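1. here is my input; please provide its structure:
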Amino acid sequence: MHTEKGECLKFLSLFHNDLGLFNPFQIFSDAMKTILIAEPVVTELESQMDFCRLGSENLTVVPARDLDKSRTTLRERQIDLILCSTSFPDEESCKTLEILALEFPYIPILGVSDAPHQDSETAQSVGACGCFEKPLKDELHLEKIYDLAEASNAGTIQGIPLHSLLQMHENDGQTCSLHIFSAAGEGYVYVEDGNVINAEVDDLSGEEAFYRLISWDEVIIDIKYYNRTRRREIFTPLITMIMEGFRRKDEHIDLDPQSLSLARTKQKLQQASMAGMRLALNIGQVLIVEFDAIESTLESMLVGMIPDHFLIVTTPSHFIVTDTEVRQGQVIVVKFTHMEKLFLFRARVSRVLKSPRQLLFLDYPSVIHFHDIRRTKRAAASFPCTLKTQDGTPFNGVFKDISSSGALLKLTREENDKLPEIDISQWVTLSCSLPEIDEQLELVGVIKNFKKDERGIQLGLEFSTTYPELEQSINRYLKAVKHKSV
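-> This next block holds a predicted model:
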């Protein structure tokens, strides 16, 4: 069981005091933080939102009244802390809290209850840092909320191999989640009291996932909070796994040749002019920014944009906590992902704003570079299909591209009396006939991204139907298209 003052703030002291990132006892730093409040009662939700905003202008509070909305928000946005009611209609006590703690173990979560003396033990046993009593009004509660929001991410590391960082954590007996990024994809390693207890990447977990992750080169690692909810699947000593990982890499025993090949070969960047065009960025989107004088990459957030003129982004926390200045006029590199493509551009810092918020004004890019980061090759397509939402309502669509793992689909107002209500992670079914090989397919997919405009909706889908016959059919279609284009 976790004590209310123990596990959560232990993470805070282990990393932040040593790294000198911030004072753990100040109410809130200048860095922007986001809190999700999951509460079914509107009046209580509004009360908690008002309470959390006290004393800080650098805090964004996002509401959610049910589990589905909470999940969607957590997948789409960077959230630093979850406040979750222990009671939802037609559910056992702490059930929603338990699900969120299990699915998002790298985000601290606090229970909020009408009867904490009854719910506190259950909440903490399923992953919560503690349990507060409604209504929230204690200044100590406010300080705890801010401390945990700060502690959710201890920093980002680049240039240190994953195996070296894990050995340091083992020596220090630290507990954390490591979110690992590379050209091959992203995954997690969970460390408990210095021991690697599990790893996850794509559909793999345990030691096989660890060997995949340890083989990646040029990784970026976020050090995040860990709530100890992952089941232990790894029992092998760390040094033994590291040596086995090196052996597999040296002998080229690739667990996923398509993914690992991306790490070995640099894709040729394409470029496009941005004259008169709007960047595919949304307010609140996290950006990766690189400064020539700093080896590691930093995070920033888009807070404003005037196309063809400038972008407004938050000053990376590195400059705030180290009390150093961003030099006006310097050129930085900005990276972001959209629709399974990695985009990057160079931009000049045209203005540095320190009050009332620390912001950077960047010149709008004239040229942007990009490349596809999909793990499977897609072919351009243009053939009709029928899409059905979960309630069974059919809609007419057209495939724009397709691969064995997913597709891009367009639904237009011209072909439909009305368009469906779409959300991330929503399941849909598709019926279509592959024109080059005359095969009828029934597909099930999950929506990974979408874009709406006045003409209709564009959907990025990942297929969940994985039986061999389906993959063979799609691959036959891809071969037929390739042969026809030669």
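2. who touches the residue nearest the centre of the chain in this structure?
-> Centroid check for the chain by C-alpha atoms, centre = their mean gives R75 as the closest residue, at 6.0 Å. Residues near R75 by C-beta atoms under 8 Å, 6 or more residues apart in numbering: I424, S425. Yep, even glycine has a C-beta here, placed from its N, CA and C like the rest.
3. one more time with 10 Å, if that's ok
-> E103, F104, I424, S425, K448 (C-beta atoms under 10 Å, 6 or more residues apart in numbering).
4. in those, find the pair that's most separated.
-> F104 and K448 (17.7 Å; C-beta to C-beta).
5. when those two are compared, which one has more neighbours?
-> F104 (21 against 15; other C-beta atoms under 10 Å).
6. could you measure from that one over to Y188?
-> Per C-beta to C-beta, to the nearest Å, F104 is found 11 Å from Y188.
7. and the helices in the chain?
-> In the chain, the segments counted as helices under DSSP state H are 7-12, 18-19, 42-52, 67-76, 95-103, 116-125, 139-151, 162-172, 206-214, 238-250, 257-264, 317-321, 468-485.
8. right, so of the ones you listed, which gets closest to L110?
-> helix 139-151 (6.9 Å).
9. list the helices and strands the closest one packs on?
-> Applying 3 or more C-beta pairs under 10 Å, 6 or more residues apart in numbering; DSSP states H and E, we find helix 139-151 packed against helix 7-12, strand 33-38, helix 42-52, strand 59-64, strand 81-85, strand 109-113, strand 131-133.
10. okay, these in CSV with distance to E91, mean neighbour count and mean pLDDT next?
-> Output for the helices and strands packed on helix 139-151, formatted as CSV (distance: least, C-beta to C-beta, whole Å; neighbours: other C-beta atoms under 10 Å; pLDDT from 0 to 100):
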stretch, distance to E91, mean neighbour count, mean pLDDT
helix 7-12, 24, 21, 46
strand 33-38, 12, 24, 92
helix 42-52, 16, 16, 91
strand 59-64, 15, 18, 90
strand 81-85, 10, 26, 95
strand 109-113, 13, 26, 95
strand 131-133, 16, 22, 92
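11. dump those to TSV, plus distance to M301.
-> Below are the helices and strands packed on helix 139-151 laid out as TSV (distance: least, C-beta to C-beta, whole Å):
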stretch	distance to M301
helix 7-12	22
strand 33-38	9
helix 42-52	19
strand 59-64	10
strand 81-85	16
strand 109-113	22
strand 131-133	28
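12. before we move on, back to that, and of the helices of the chain, who's closest to F370?
-> That would be helix 257-264 among the helices of the chain, by C-beta to C-beta, at 14.9 Å.
13. can you pull the buried residues of stretch 110-123?
-> L110, G111, V112, S113, P116, D119, S120, T122, A123 (16 or more other C-beta atoms under 10 Å).
14. send the alpha carbons of that stretch over as CSV?
-> What follows is stretch 110-123, C-alpha atoms only, in CSV (Å, rounded to 0.1, in the frame of the first residue of the first chain):
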residue,chain,number,x,y,z
LEU,A,110,-5.5,11.5,-6.4
GLY,A,111,-8.8,10.3,-5.2
VAL,A,112,-11.5,12.8,-4.1
SER,A,113,-14.3,11.4,-1.9
ASP,A,114,-17.3,12.3,0.3
ALA,A,115,-16.0,9.7,2.8
PRO,A,116,-12.2,9.4,2.5
HIS,A,117,-12.1,7.3,5.7
GLN,A,118,-14.0,4.6,3.8
ASP,A,119,-12.4,5.1,0.3
SER,A,120,-8.8,6.0,1.1
GLU,A,121,-7.4,2.5,1.6
THR,A,122,-9.1,1.2,-1.6
ALA,A,123,-8.0,4.2,-3.6
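15. other SSEs contacting the top strand by length along the chain?
-> Identified as the longest strand of the chain according to DSSP state E is strand 439-453. With contacts defined as 3+ C-beta pairs under 10 Å, 6+ apart, strand 439-453 has these neighbours: strand 331-338, strand 379-388, strand 406-412, strand 427-434, strand 456-463, helix 468-485.
16. how does it look with 8 Å?
-> Applying 3 or more C-beta pairs under 8 Å, 6 or more residues apart in numbering; DSSP states H and E, one finds that strand 439-453 makes contact with strand 406-412, strand 427-434, strand 456-463, helix 468-485.
17. tell me which residues in that strand are buried?
-> E439, L441, L443, G445, I447, N449, F450.
18. quick one: mean pLDDT over that strand.
-> For strand 439-453, the mean pLDDT works out to 78.
19. switch to numbering from 32
-> All set: I'll call the first residue 32, so the last point we hit is now strand 470-484.
20. what's the angle from it to strand 487-494?
-> On the basis of axes from the mean of the first three to the mean of the last three C-alpha atoms, to 10 degrees, strand 470-484 is oriented at 130 degrees to strand 487-494.
21. for strand 470-484, which strands pair with it and how are they oriented?
-> strand 458-465 (antiparallel), strand 487-494 (antiparallel) (DSSP bridges).
22. what number of residues lie near E321?
-> For E321, the tally of surrounding residues (other C-beta under 10 Å) stands at 16.
23. what's the answer for L329, then?
-> Neighbours of L329 (other C-beta under 10 Å): 18.
24. brilliant, that's me finished.
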